[in-house]
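A.B. asks: Structure, please.
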Amino acid sequence: MISRRHFFVAAGLPAAMMGMQIPVTAFADELPVSSSPRPVGFLELTTSDGELTSVGEAGLSNPANAFDGLDLGTVDGLIASDLVDNHSIGHSNSPDHSPTGVSVQNDEIADHALLLTDPLEVGSFVVAGLTWDGGVSLSDDVSLYIRAREEQGWTPWFLSEAISSGPDHNRHIAGTEEFVTGSGDAIQAAIVGPASAAGNLPKNLRLVVVPSEAEGQKVLNPDDLRVAESEPTPIFSEDDMSASSTGSIKGAVARAGAVPVFDPELRVNSSDGDDSSHHVSTTEVSPLTPPVSVTTRIQWGASSTVPRDWEPEVVSAHHVVIHHTAGTNNYSADQSASVVYGVYHYHSQVLGWGDIGYNFLVDKFGRVFEGRYGSLSAPPGTMVIGGHARGVNTGSMGISMLGDYSSVSPSAATLDSVSKMAAWFLSGAGFSSSSELASVKILTKDRYAVGTVLQLPRIFAHRDVGLTACPGNVGYSKMGHIRSLAQAEMDNRPGADPKGSWQKDRTGWWWKNPNGTYPTSSWQFISGAWYIFNSRGYVVTEWVKQGDDWYYMDSKSGAMKTGPIVVDGKHYMLSSSGVMVTGWHKTRDGWNHYADDGQRSTGWVFSSGSWYYLDTITSLMVTGERQIDGTNYAFDSEGRMVVGWKKFANGWAHFASNGARSTGWLKSGSSWYYIDPKIGRAVNGWKRVDGSWYYLNESTGAMVTGWMHLGSHWFYLDPATGVMTVGQRTISGVDYIFDSSGYWIQ
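C.D. replies: Numbering: from 1, shown residues only. Predicted coordinates:
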């Protein structure tokens, strides 16, 4: 609704400040990734009616298509059993659907290819995917496949799952999980299914290729592409999806209960102004430092050219969700950052999420990358809402292992970094166990009904809540190991044992850990509340600044405060994570505004180029018409002060450049109008003003001059003044007579 950056409170009437320039500051971590980017490429495979395009059927008309001569082996139960037993192809989205392990004949696959492109050279790319119109899920009787040519040659055919990630509530483009490749330069796509499914193909199906330095989008002309040389490759085989996982939560039962869910209306804004007005302690406390080095967004090149549609929402969080990416693991250490950028562009632009879905990503070398904006700087116990697991994004942190871990194990370095990042987050949130069961509330229908509450470990896998195989069978089998590694990390963290005691001396309160140590220059979660300890180990009270954010710690206990507070008679708002709110904030009653120093605003406020008025009693933003200090103003539905003409139910009103409602005669453009002083609306028809009659156009309200025919009579309105003529008048050298009603007497 309202931009919540760059505002100040005006002391006087808005007329004094009209035309003021408002500075625009870009987020510091968004820099162009390259000076010579290439657009994302799209190949159109079906029409808006679901009919094959020439690209989508090109491989079918080729007798030497790439399905011939395949040794398929086991096809993960997604098509193999149906081919052998029923001579038809089916596809189950359920993670509990198990394969039969029966091999099939190659010509049966060729017989069931409903769509097959040529292998096409499309230039270098790092991420690919398929998008389509309509629902997010695919029809159960069709399966989508992609294979790519890398430096090592053509990959196997990979099943492309319909994506089970994305916003919890927002609508977005339907598509598949990102297909990752380190060095792809050619690609081929296919749909398999029974002949009866030929009329049930996704509509406007597109094959998408994302280069490492992507900017913009372009539909590729197939005539400009070269058909690549290719050889048969098998369909990628995944082990039984029911592979056991130590500590896994197969068949989790929904139980009654609720999970605290952050108010989605609350947006946290850091102050952009001078903080000196607080006149309080500026004790600096270090945020909880991750146990491994993290490559920030600015380092891997999150681009300022990509609009971030979602402003970061920081919420209390309580779980970690583990993911993997689809595709291959054939990327080098030098290509990891480019792959992360490719995933970012696929999520933010191709699928329309506005940012990358994952909070963090870990490559096969154990290097950690910050994903969604704000994830690294979120206060302890909170996390920016991501788009990594639709339905459970709110209240969780998503970590994705960069690679496909269906049939190979994540490296020891990857598992180590994943577990350490999970432990870092959970410890910061005040949790002491990585495997304890805790409530997870489902917010969007996918695998479970909306409102379902599951009991899941603090660290769980994407497939535990979504219709997906993520993080792959082998990756899933490592969940118990990840939790064990994370637990060891949490147990070894200083002060991890929550059983300590408060101590007090002449200087103040401090916390004694069981081992005799005490926290210094840090946050600490104790008995359900957050505290900050200074460099000497004493609890900080009242205002304290961390980074760019202000917090208020109870003046007596030192516990972090949230929600509305009054300090020295001044009103402030603290988010659920304790950060002092500045700018616009919506409550159940309406919109409030908080100045750069955090104080709740009343009266006139100038924000993002517009004036607003906050009621001096309720502090709520005013809409509609309001008399202020004896002058009438109007504010639109978003609270902006109206300037110029505005139509109301009872007519048109006009407001001057300072917002004051106009009355009497008004010249607008080349015409004159009359605003009735009593009702503040423009007059139509006849109007007597100061003893003279005027006529205002019935449709526009503009004053009429010269000859006018109305009903069965002619009138003459003075060309200079608009006054209706009565008596004798010479017009263009001819004498006319008008009676007392203005009628021309013929």
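A.B. asks: Where does the prediction get shaky in the stretch 401-550 of the chain?
C.D. replies: For the stretch 401-550 of the chain, the stretches with pLDDT under 70 are 493-499.
A.B. asks: do that again at 80, thanks
C.D. replies: In the predicted model, the stretch 401-550 of the chain carries pLDDT under 80 at residues 430, 444-448, 451, 491-500, 513-516, 522-525, 527-528, 547.
A.B. asks: One more: the stretch 151-300 of the chain?
C.D. replies: Scanning the stretch 151-300 of the chain with the threshold set as pLDDT under 80 gives 162-173, 182-183, 195-199, 213-216, 230, 232-289.
A.B. asks: all strands of it, in order?
C.D. replies: In the stretch 151-300 of the chain, the strands defined using DSSP state E, counting those that start in this stretch lie at 153-154, 158-159, 174-175, 179-192, 203-210, 214-219, 226-227, 294-295.
A.B. asks: Adding mean neighbour count and distance to residue 687, write those strands out as TSV.
C.D. replies: For glycine as for every other residue, the C-beta is placed from the backbone atoms N, C-alpha and C. Shown next, in TSV, are the strands of the stretch 151-300 of the chain (neighbours: other Cβ atoms under 10 Å; distance: least, Cβ to Cβ, whole Å):
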stretch	mean neighbour count	distance to residue 687
strand 153-154	14	83
strand 158-159	23	76
strand 174-175	24	59
strand 179-192	26	71
strand 203-210	23	58
strand 214-219	16	57
strand 226-227	14	76
strand 294-295	19	71
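A.B. asks: Distance to residue 317 for the ones you listed - can I get that in TSV?
C.D. replies: Shown next, in TSV, are the strands of the stretch 151-300 of the chain (distance: least, Cβ to Cβ, whole Å):
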stretch	distance to residue 317
strand 153-154	42
strand 158-159	32
strand 174-175	26
strand 179-192	26
strand 203-210	29
strand 214-219	30
strand 226-227	48
strand 294-295	17
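A.B. asks: Ramachandran angles for residue 566?
C.D. replies: phi -120, psi 120 (degrees, to the nearest 10).
A.B. asks: Tell me how many other residues surround it.
C.D. replies: When counting by other Cβ atoms under 10 Å, one arrives at 9 neighbours for residue 566.
A.B. asks: Then residue 664?
C.D. replies: Neighbours of residue 664 under the rule other Cβ under 10 Å: 10.
A.B. asks: before we move on, what about residue 228?
C.D. replies: 16.
A.B. asks: my guess is it meets residue 123, correct?
C.D. replies: No - Residue 228 is beyond contact range of residue 123, at 11.6 Å (criterion: Cβ atoms under 8 Å).
A.B. asks: what touches both of those two?
C.D. replies: Here residue 228 and residue 123 share no contacting residue, scored by Cβ atoms under 8 Å, 6 or more residues apart in numbering.
A.B. asks: Report the contact partners of residue 204.
C.D. replies: Going by Cβ under 8 Å, 6+ apart, residue 204 touches 44, 46, 47, 48, 132, 133.
A.B. asks: ditto for residue 466
C.D. replies: 164, 165, 389, 390, 391, 446, 447.
A.B. asks: Quick check: closest non-adjacent residue to it.
C.D. replies: Nearest residue to residue 466 in three dimensions, chain neighbours excluded: residue 164, at 3.7 Å (Cβ to Cβ, 6 or more residues apart in numbering).
A.B. asks: What residues of stretch 552-560 count as buried?
C.D. replies: For stretch 552-560, burial by neighbour count (16 or more other Cβ atoms under 10 Å) applies to 552, 553, 558, 559, 560.
A.B. asks: quick one, phi psi at the fourth one?
C.D. replies: Backbone geometry at residue 559, expressed as degrees, to the nearest 10, gives phi -70, psi 140.
A.B. asks: Do I have it right that it meets residue 525?
C.D. replies: No - contact criterion Cβ under 8 Å: residue 559 and residue 525 do not qualify, at 10.5 Å.
A.B. asks: Go ahead and confirm residue 446 touches residue 165.
C.D. replies: No - Residue 446 lies out of contact with residue 165 (Cβ under 8 Å); the separation is 9.8 Å.
A.B. asks: Show me the common contact partners of the two, please.
C.D. replies: In contact with both residue 446 and residue 165: 390, 466, using Cβ under 8 Å, 6+ apart.
A.B. asks: What distance do you get for residue 351 to residue 393?
C.D. replies: Using Cβ to Cβ, to the nearest Å, one gets 14 Å for the distance from residue 351 to residue 393.
A.B. asks: ditto for residue 207
C.D. replies: 27 Å.
A.B. asks: cool, residue 294 as well?
C.D. replies: 20 Å.
A.B. asks: Let me have the buried residues of stretch 552-560 in CSV, extended by secondary structure, pLDDT and distance to residue 739.
C.D. replies: Listed next are these as CSV, based on DSSP: H, G, I helix; E, B strand; the rest coil; pLDDT from 0 to 100; distance: Cβ to Cβ, whole Å:
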residue, secondary structure, pLDDT, distance to residue 739
552, strand, 95, 78
553, strand, 94, 84
558, coil, 92, 89
559, coil, 91, 86
560, strand, 91, 83
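A.B. asks: between those, which is nearest residue 723?
C.D. replies: Residue 723 lies nearest to residue 552 out of those, by Cβ to Cβ, at 66.6 Å.
A.B. asks: and the closest one, what is it in contact with?
C.D. replies: Residues counted as contacts of residue 552 (Cβ under 8 Å, 6+ apart) are 542, 543, 544, 560, 561, 565, 567, 572, 574, 578, 580.
A.B. asks: repeat that with 7 Å
C.D. replies: Shown in contact with residue 552 (Cβ atoms under 7 Å, 6 or more residues apart in numbering): 542, 543, 561, 565, 567, 572, 574.
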